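# everything below, folded, please.
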Amino acid sequence: MNTHPNPSPSYSDNPLLHFGRGIVAYSQIQPSHIAPAIDALLAEAESAVAIATSQTTSPTWNDLVEPLEDATERLSRAWGAVSHLNSVADTPELRAAYGAMLPKVTAFMSSLGQNLALYERFKVLRQSTSFAMLSADQQKVIENSLRDFRLGGAELPEDQKPRFAQIQDLQAELGKAFSDHVLDATNGFTHVITDPTELIGLPEDAIAAAADTAKEQGKSGWAFTLHFPSYYPVQQYSENRALRQRMYEAYVTRASELGPQYGAGKAEWDNTQNMLDQLRLRNEEALMLGYSNYAELSIAPKMARTVDEVDRFLVDIARRAKPFAKSDWETLKQFARTEFNLGATKDDPIQPWDIAFLSEKLKQARYAFSENELKQYFPLPKVLDGLFGLIQNLFSVHIKPADLPIWHDTVQSFSVSNPDGEVVAYFYLDPYARPGKRGGAWMDDARGRRLLPNGEVQVPVAYLVCNFAAPVKVDGKLKQPTITHDDVITLFHESGHGLHHLLTQVGALGVSGINGVEWDAVELPSQFMENFCWEWEVLEKMTAHVDTGKPLPRELFEKMLAAKNFQNGLATLRQVVFSLTDWRLHSSFDSAHAEGQAVLDIAKAIGDQFNAIPQSPLSRWPNTFSHIFAGGYAAGYYSYKWAEVLSADVYAAFEEAGKLSGSVIDKAMGLRYRTEILEVGGSRSAAESFKAFRGRDPSIEALLRHGGLLEEVASN
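Predicted coordinates:
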């Protein structure tokens with residue numbers, strides 16, 4: 001078993017070339033390493049393709065697929081390391097080096113999908129008698145490859161392939177530019193306060209973090225940025241309405257034509273035209289491949305069967321949530337009038353920058369606790385102990401600190417081993433927000449599990465990346481970092497993705513872990529893990545007050561549980577608006593003739609139809625919708641809700657088992673879940689895996705029940 005993360009270096013001192021099957025030495029990578037390494041690996045991959053397409057190469061797994069996979073994996077892993085650093089350690093030099101090689105990598109990947117000779121060799125393998133001798137995993141890789149060749153343009157006429165390749169290249173460049181603009185606009189804004197009276201209402205740690213930011217920037221006072229750990233506490237807690245307005249206006253105008261006006265960017269960071277250009281290219285790609293629109297193309301490898309099915313699914317969820325959302329909004333308006341005299345007259349309406357603040361005040365009034373009070377019980381180290389303990393109990397593994405190469409001194413690494421001590425995986429945790437790091441949270445594949453030709457197993461490695469508020473000094477002492485309960489949910493969510501990648505038992509790289517899993521099912525394991533964040537038997541083991549060390553009081557937990565679905569109607573509609581905007585931009589939007597703010601107009605029209613809260617005319621939220629314009633979720637954002645139906649139903653099985661065993665941490669059910677869903681990865685369809693676990697097709701009932709959206713549906 002090859003479990004050591006750092007085999008000896010091979011033929012070069014370039015860290016992107018000599019890591020072999022180990023882990024790249026991230027801290028040693030310089031921008032100057034990128035071009036020579038990627039050029040060398042591209043040449044190696046191109047040579048492997050030439051050999052694979054030769055008529056002298058036998059069309060078998062060992063002679064055709066394995067050598068090709070070996071060469072392209074080396075390229076993918078090196079480029080993946082560069083892409084990862086571009087997301088978590090951005091510098092102008094790294095960005096330039098990454099951008100210079102992006103067209104070459106994109107062109108190669110595009111040419112691979114269009115290679116008719118390679119496609120023909122795979123077809124010969126599929127039709128040969130040896131195909132039946134392959135494992136189910138290997139057969140799935142071949143079937144997926146044939147599908148991907150078709151979607152990659154392999155069957156296009158030769159005179160159309162150059163344009164198809166150009167489309168892929170342009171889309172990659174535009175996606176990178178979109179992401180860069182969002183990051184630059186986020187980094188480009190700082191609001192400094194020197195008068196302490198303007199800080200009223202803000203939590204102690206938010207004030208301390210702002211003081212640290214100001215000091216880092218060589219300024220006096222307190223500096224607030226548009227990075228979420230700095231921005232959102234202002235919206236949620238600040239009594240200073242003018243400060244909330246200042247921050248809100250800058251945040252919602254990032255990467256738009258209004259950005260410069262509100263101090264959040266330069267004119268060249270405006271993503272308005274970028275979105276139109278991407279939509280036009282995607283539509284052109286779909287038409288070239290014989291599809292009516294990009295949405296239709298996107299579901300070809302997914303669980304959803306038709307464009308209309310997805311649209312109906314989203315509209316149905318909106319219909320079910322709308323009565324609850326209207327009630328949420330009416331309650332908030334009444335509270336604002338009664339307690340703050342806001343909205344009582346047209347002259348003093350509730351403004352968008354009031355909503356998070358009023359919602360937090362209402363939550364405190366209704367449930368007698370605040371998110372900041374709750375946050376003090378979630379020191380990150382204690383949360384990690386609780387998370388790891390849950391994973392270890394549920395899935396019979398051990399998690400221990402590891403010593404993998406890192407890219408920042410706050411990054412941690414861990415090993416995952418079986419009860420007998422055999423290491424089966426490694427993962428990284430990069431928890432804190434910082435300059436040069438893309439916002440949000442994600443899990444990514446650093447290395448996939450693979451059965452090597454020599455019989456050894458290449459164990460998987462994952463990145464878990466979050467953007468929690470970093471530790472701050474209070475009274476000169478570094479305070480243990482605490483995270484909100486929402487942050488806890490985020491951490492569990494990303495760990496669910498990680499487990500899907502890390503606990504796979506599939507040996508064929510193309511379908512191991514998260515690879516090959518239908519995009520609209522890939523969120524099942526992540527959303528499944530979120531449910532444990534609401535279980536007392538889990539929370540009592542992962543909480544300790546940052547000052548007293550006392551665990552979360554049961555009384556506070558009960559209040560938190562009562563508030564679980566607070567404003568869930570509004571939150572559900574928000575997700576539906578995101579999903580429908582994405583879906584209709586890719587299914588019915590006439591991008592070919594669209595101009596100016598057409599994307600924003602579609603988003604606003606959908607918001608007007610489905611939202612309960614009036615929209616801000618200032619908001620340019622599509623301009624920072626990185627999921628669909630830079631993050632791979634184009635015509636796929638619906639998958640969050642789609643997979644939520646699956647994950648809620650899967651978790652219901654644990655609830656049912658818990659009624660018999662007395663614990664939702666049911667080891668027998670955990671083993672079943674690990675075996676039928678996590679271990680099989682993409683080696684069979686998500687529908688088959690779900691049915692193997694649950695014994696039936698999925699039902700939406702559990703999702704509605706968990707979200708508190710069932711009673712109104714029944715009464716209607």
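
# max-length helix in this protein?
helix 307-340 (DSSP state H).

# so how far is it off the chain centroid?
In this view, helix 307-340 has its centroid 25 Å away from the chain centroid, taken as Cα atoms, centre = their mean, to the nearest Å.

# who are the packing partners of that helix?
Using 3 or more Cβ pairs under 8 Å, 6 or more residues apart in numbering; DSSP states H and E, the elements in contact with helix 307-340 are helix 294-298, helix 352-367, helix 568-587, helix 639-661, helix 710-715. The C-beta positions use only the backbone N, C-alpha and C, and glycine is treated the same way.

# try 6 Å
Contacts defined by 3 or more Cβ pairs under 6 Å, 6 or more residues apart in numbering; DSSP states H and E place helix 307-340 against helix 352-367, helix 568-587, helix 710-715.

# tell me the most buried of those?
Stretch with highest mean neighbour count among these: helix 568-587 (a mean of 23; mean count of other Cβ atoms under 10 Å).

# which helices and strands sit right next to whichever helix or strand comes after that helix?
Later in the chain than helix 568-587, the nearest helix or strand by DSSP states H and E is helix 598-610. Applying 3+ Cβ pairs under 6 Å, 6+ apart, one finds that helix 598-610 contacts helix 568-587.

# could you give the angle of the helix it packs on to helix 598-610?
140 degrees (axes from the mean of the first three to the mean of the last three Cα atoms, to 10 degrees).

# neighbouring contacts of helix 568-587?
Identification of contacts with helix 568-587 by Cβ atoms under 6 Å, 6 or more residues apart in numbering yields 293-295, 307, 310, 314, 317-318, 321, 324-325, 328, 603, 606-607, 610-611, 628, 635, 637-638, 707-708.

# buried ones from these, can you make that a ChimeraX selection?
The following ChimeraX line selects those of the contacts of helix 568-587 that are buried, judged by 16 or more other Cβ atoms under 10 Å:
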select :293,294,295,307,310,314,317,318,321,324,325,328,603,606,607,610,611,628,635,637,638,707
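
# just the buried positions in the helix or strand hosting residue 487, please.
Residue 487 is located in helix 485-502, with elements delineated by DSSP H and E. Neighbour-count burial for helix 485-502 flags 485, 487-502 (criterion: 16+ other Cβ under 10 Å).

# quick one: distance of that helix to the chain centre.
With Cα atoms, centre = their mean, you get 10 Å for helix 485-502.

# same deal with stretch 410-426?
23 Å.

# now swap in stretch 506-521 and tell me
Worked out by Cα atoms, centre = their mean, stretch 506-521 lies 16 Å from the chain centre.

# can you list contacts of that stretch?
69, 137-138, 140-141, 144, 302-304, 448-451, 460, 500-501, 504, 636, 639, 642-643, 681-683, 686.

# switch the helices and strands packed on helix 307-340 over to TSV; also include mean pLDDT and distance to residue 237.
Shown next, in TSV, are these (pLDDT from 0 to 100; distance: least, Cβ to Cβ, whole Å):
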stretch	mean pLDDT	distance to residue 237
helix 352-367	97	7
helix 568-587	97	19
helix 710-715	49	31
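
# give me the mean pLDDT for the longest helix of the chain.
The average pLDDT within helix 307-340 is 96.

# and residue 174, how many neighbours?
Counted with other Cβ atoms under 10 Å, residues neighbouring residue 174 total 19.

# so how far is residue 94 from it?
Residue 174 is 20 Å from residue 94, where distance means Cβ to Cβ, to the nearest Å.

# before we move on, what about residue 512?
29 Å.

# settle it for me: which of these two has more neighbours?
Using other Cβ under 10 Å, the more surrounded residue of residue 512 and residue 94 is residue 512, with 27 against 18.

# on the three-state scheme, the closest residue to that one other than its chain neighbours is what?
Counting by Cβ to Cβ, 6 or more residues apart in numbering, the nearest residue to residue 512 once its immediate chain neighbours are dropped is residue 506, at 3.9 Å. Under DSSP: H, G, I helix; E, B strand; the rest coil, residue 506 falls in the coil class.

# residue 673 versus residue 506, what's the distance?
16 Å.

# among those two, which residue is more densely surrounded?
For residue 506 versus residue 673, the count of surrounding residues by other Cβ under 10 Å is larger for residue 506: 28 against 22.

# so how far is the longest strand seen in the chain off the chain centroid?
Ranked by residue count under DSSP state E, the longest strand found in the chain is strand 423-432. Put simply, strand 423-432 sits 16 Å off its chain's centre (Cα atoms, centre = their mean).

# and stretch 123-130, by the same measure?
37 Å.

# can you give the contact residues for that stretch?
59, 60, 142.

# now stretch 636-647
Residues contacting stretch 636-647 (Cβ under 6 Å, 6+ apart): 298, 310, 314, 317, 519-521, 523-524, 527-528, 578-579, 582-583, 627-628, 690, 698, 700, 703.

# could you give the mean pLDDT of that stretch?
Stretch 636-647 comes out at a mean pLDDT of 96.

# kindly report the same for stretch 549-561.
For stretch 549-561, mean pLDDT is 95.

# would you mind measuring from residue 252 to residue 439?
Applying Cβ to Cβ, the value for residue 252 to residue 439 is 14 Å.

# quick one: which of those two has more around it?
Comparing residue 252 with residue 439 by other Cβ under 10 Å, the one with more neighbours is residue 252, at 22 against 17.

# for that one, phi and psi?
With angles defined as degrees, to the nearest 10, residue 252 sits at phi -80, psi 0.

# that one contacts residue 622, correct?
No - shown here, residue 252 and residue 622 do not form a contact pair, counting by Cβ atoms under 6 Å, at 10.8 Å.

# nearest residue to the middle of the protein?
Residue closest to the average C-alpha location in the chain (Cα atoms, centre = their mean): residue 442, at 4.0 Å.

# how much space separates it from residue 225?
20 Å.

# swap in residue 143?
48 Å.

# name the residue in the two with the higher neighbour count.
Ranked by neighbour count (other Cβ under 10 Å), residue 143 and residue 225 place residue 225 first, with 23 against 15.

# which non-adjacent residue is nearest the more buried one?
residue 190 is the one closest to residue 225 (Cβ to Cβ, 6+ apart), at 5.6 Å.

# and residue 709, what pLDDT?
The model reports residue 709 with a pLDDT of 88.

# ok, now which ones touch residue 483?
Residue 483 makes contact with 378, 380, 468, according to Cβ under 6 Å, 6+ apart.
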